[in-house]
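Asks: Below are the sequence and a predicted model for it; my questions follow.
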Amino acid sequence: MMKSPWSAKSDFVISTMTRNDKGAELLYGPLFFNLSTILCGTIFYKTTTGAVTMAILTWGDGLAAVVGQNYKTRQIYHTKTLAGSCTVFIAGLISSLIYISILVGYQSISIMHLVLTALLATITETLSPSELDNLFLPFVIIVAHFVLA
């Protein structure tokens, strides 16, 4: 059976945009990411909760995949690497401070609260399945924000 000329292109796209070369990851990841951004943009607009959620989800989780793929360190859980997990924490914390300063103002945060939230987000991202981390991550960050407040 002859392969379609589109097959090679779609294989390249899938291997570029996924960690495990599974097309299903392209469905769940972007879907849950968009649902999270809609939630933050409507319900948590210009709040510390929304700023921290979007910062960790976009910069922390987004850079974790890039760093984890490019700097092969010890895998700590399934496909998650130590470098990727450290990136979630560091990039998530720094971007949270930036997002809060731009959207809300520093008077509304506690640094310890922010560090604990970033740590919980790091643990969640590390332990959650790759295709569901964009669902679990915002949930845990939002719950942590209200519990730690």
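Replies: Alright, I've got the coordinates.
Asks: For the rest of this, base every contact and every neighbour count on C-alpha atoms.
Replies: OK.
Asks: got a list of contacts for stretch 115-131?
Replies: 19, 24-25, 28-29, 56, 61, 76-77, 79-80, 85-86, 88-89, 92-93, 133, 136-137, 140-141, 144-145 (C-alpha atoms under 8 Å, 6 or more residues apart in numbering).
Asks: which ones are touching the residue nearest the centre of the chain?
Replies: The centre of the chain sits closest to D61, judged by C-alpha atoms, centre = their mean, with a distance of 2.8 Å. D61 is in contact with T87, V88, G92, E125, counting by C-alpha under 8 Å, 6+ apart.
Asks: Save these as TSV, and put in pLDDT too.
Replies: Below are the contacts of D61 laid out as TSV (pLDDT from 0 to 100):
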residue	pLDDT
T87	93
V88	92
G92	95
E125	90
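Asks: Wait, Q75 touches Q69, no?
Replies: No. The criterion here is C-alpha atoms under 8 Å, and Q75 misses it with Q69 at 10.9 Å.
Asks: Pull up the overlap in contacts between the two.
Replies: Common neighbours of Q75 and Q69, counting by C-alpha under 8 Å, 6+ apart, are absent.
Asks: and the top helix by length along the chain, what does it pack onto?
Replies: In the chain, taking DSSP state H as the definition, the longest helix is helix 82-103. Under the contact criterion of 3 or more C-alpha pairs under 8 Å, 6 or more residues apart in numbering; DSSP states H and E, helix 82-103 touches helix 48-55, helix 61-70, helix 111-127.
Asks: In it, which residues are buried?
Replies: Neighbour-count burial for helix 82-103 flags 82-101 (criterion: 16 or more other C-alpha atoms under 10 Å).
Asks: Which residues are in contact with the closest residue to V67 other than its chain neighbours?
Replies: Distances taken as C-alpha to C-alpha, 6 or more residues apart in numbering place G84 nearest to V67, at 5.5 Å, with adjacent residues excluded. Contact analysis of G84 by C-alpha under 8 Å, 6+ apart lists L63, A64, A65, V66, V67, G68.
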